[in-house]
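1. sequence and computational prediction follow.
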Amino acid sequence: MFVKFQRGYFAAYLMAMFADWLQGPYLYKLYHHYGFQEEQIAILYVFGFASTVLLGTWTPIAADQFGRKKLCMSFTVLYSVSCILKLSTSYGVLLIGRILGGIATSVLFSAFEAWYVHEHVETHDFPKEWIAVTFARASFWNGLMAILAGFTTNVLCDWMGFGPVAPYILAIPFLIVAGVIVMYTWNENYSGHTIKFRKLCGEGFKSIVTEEKIFMLGAIESLFESVIYIIIFLWTPILEPAKPMLGVVFSTFMISILTGQAFFQVLTLRKKMSSTNLLLMSISIALFANLLLVYSTHPRTLDYALSFSAFVVFEIAVGIYFPAMGFLRSRIIPDTHRWSIMNWFRVPINLIACAVLLLLHEDVFRHGNQMIFVICVVLLTLAVFSGVRFKTLTNDDESLKQEAGWQESDHIHNIF
């Protein structure tokens with residue numbers, strides 16, 4: 001019974017995720033193919049990030065009140081429309097597509113999981129411990145989907161010559177299939193209580209400003225993940241002059257993330273390293289990678305091979321970071337305020353990323369991206385200091401020494 005229920009969830013969720021991954025490798029190239037300049041493309045990315053944080057805040061409430069199944073079905077429609085709009089060369093239409101894509105992504109990262117948890121516990125009354133089993137398997141298969149999507153886009157765009165819009169057209173059938181599965185095989189479920197938005201957000205903000213451990217954890221998350229968002233934008237224009245196969249590069253990044261996750265598992269289970277130390281390690285590795293990028297993107301020392309290697313090292317750091325951060329959040333952030341605190345954390349992430357990308361309009365940044373990586377180095381240096389302070393605050397916290405065998409890391413879907 002449990003396996004059948006689990007497979008029903010995987011069938012829709014993994015279809016949706018594959019459609020999402022297909023849209024990662026060639027987004028920048030598509031906009032560039034339409035003739036837009038780097039600073040114009042940056043604005044398109046900013047709109048996508050902004051819609052995710054502004055409208056994504058309401059997604060859990062909408063899922064609880066209007067029905068999680070309905071919201072999952074609306075995701076397939078919104079994302080399909082977003083893909084169709086990629087066929088247009090109009091800048092305004094592409095902006096609308098980015099906004100719709102941001103809304104759809106917010107639904108994907110909240111409503112699907114919320115539906116599963118409710119059905120698992122409330123409808124079928126399966127043991128709560130089995131939820132981790134499902135999400136562990138979903139994370140594993142999702143990683144494979146990401147790698148496959150990278151190679152698939154490369155075949156379509158480069159080997160078969162269909163151009164950078166092809167992955168978005170291919171994503172639509174997968175979204176339709178996901179929607180049909182949800183429509184005909186999933187039950188509808190709702191929250192059993194009404195969420196008081198203002199009160200919940202106020203209590204979450206109070207927890208952040210009064211609990212230094214939560215504040216420092218939020219500072220680390222905001223600083224590190226804003227750098228991730230910046231690199232989402234920069235990796236294509238940095239490497240594109242060398243004419244790489246972008247789909248293969250994307251798959252390599254996904255393999256690097258999975259490698260980082262494997263390191264996390266080995267170091268926690270066999271070497272008994274704490275998640276706090278691994279978090280610091282991941283930030284330090286990311287800082288080193290960005291220092292390499294400062295060097296490799298300088299006009300006098302331009303080195304595409306070194307830049308690619310630095311990106312790979314950075315993605316390994318990302319693979320270590322997310323499970324470490326996921327474990328620490330689960331132990332530090334109280335369950336009663338988890339949703340509102342996490343939403344507050346996402347605000348500075350997007351604000352920092354958007355502010356840095358908007359700097360591409362400034363003359364000093366238009367002749368190379370080296371200064372952007374200098375900013376990333378500063379952000380990660382601040383993250384290291386925040387990590388050291390967090391470690392000092394949590395040295396005597398016994399709950400952080402009870403390491404988990406699996407840490408949810410599906411947040412990597414937000415990376416690309």
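-> Alright, I've got the coordinates.

2. quick one: residue 84 and residue 172 touch, right?
-> Yes - contact criterion Cβ atoms under 8 Å: residue 84 and residue 172 qualify, at 7.2 Å. Every residue, glycine included, has its C-beta placed from N, CA and C.

3. what residue in this structure is the furthest from its centre?
-> No residue in the chain sits farther from the centre than residue 300, which is 33.4 Å out by Cα atoms, centre = their mean.

4. roughly how far does residue 342 sit from residue 220?
-> According to Cβ to Cβ, to the nearest Å, residue 342 stands 14 Å off from residue 220.

5. what of residue 148?
-> 32 Å.

6. neighbour count winner among those two?
-> residue 220 (26 against 15; other Cβ atoms under 10 Å).

7. next up, the contacts around that one.
-> Counting by Cβ atoms under 8 Å, 6 or more residues apart in numbering, residue 220 touches 279, 283, 325, 383, 386-387, 390.

8. how near is it to residue 283?
-> Separation of residue 220 from residue 283 (Cβ to Cβ): 7 Å.

9. name the residues contacting each of these two.
-> 383, 387.

10. what is the neighbour count of residue 77?
-> Residue 77: 14 neighbours (other Cβ under 10 Å).

11. equivalent analysis for residue 155, please.
-> Neighbours around residue 155, by other Cβ under 10 Å: 14.

12. and residue 269, by the same measure?
-> Considering only other Cβ under 10 Å, residue 269 is surrounded by 13 other residues.

13. now swap in residue 70 and tell me
-> 16.

14. I'd assumed residue 5 was in contact with residue 130.
-> No - in this structure, residue 130 is not within contact of residue 5 by Cβ under 8 Å, at 10.1 Å.

15. can you list residues touching both of the two?
-> residue 120.

16. picking that back up, least confident of the contacts of residue 220?
-> Here the lowest pLDDT out of these sits on residue 325, with 89.

17. quick one, helices of the stretch 51-200 of the chain?
-> Assigned by DSSP state H, counting those that start in this stretch, the stretch 51-200 of the chain shows helices spanning 59-66, 68-85, 91-108, 111-118, 129-154, 166-185, 197-210.

18. check contacts around residue 18.
-> 145, 148-149, 174.

19. greatest separation within these: which pair is it?
-> For these, the farthest-apart pair by Cβ to Cβ is 148 and 174; their separation is 11.8 Å.

20. which non-adjacent residue is nearest residue 254?
-> Leaving aside its chain neighbours, residue 254 sits nearest to residue 146 (4.0 Å; criterion: Cβ to Cβ, 6 or more residues apart in numbering).
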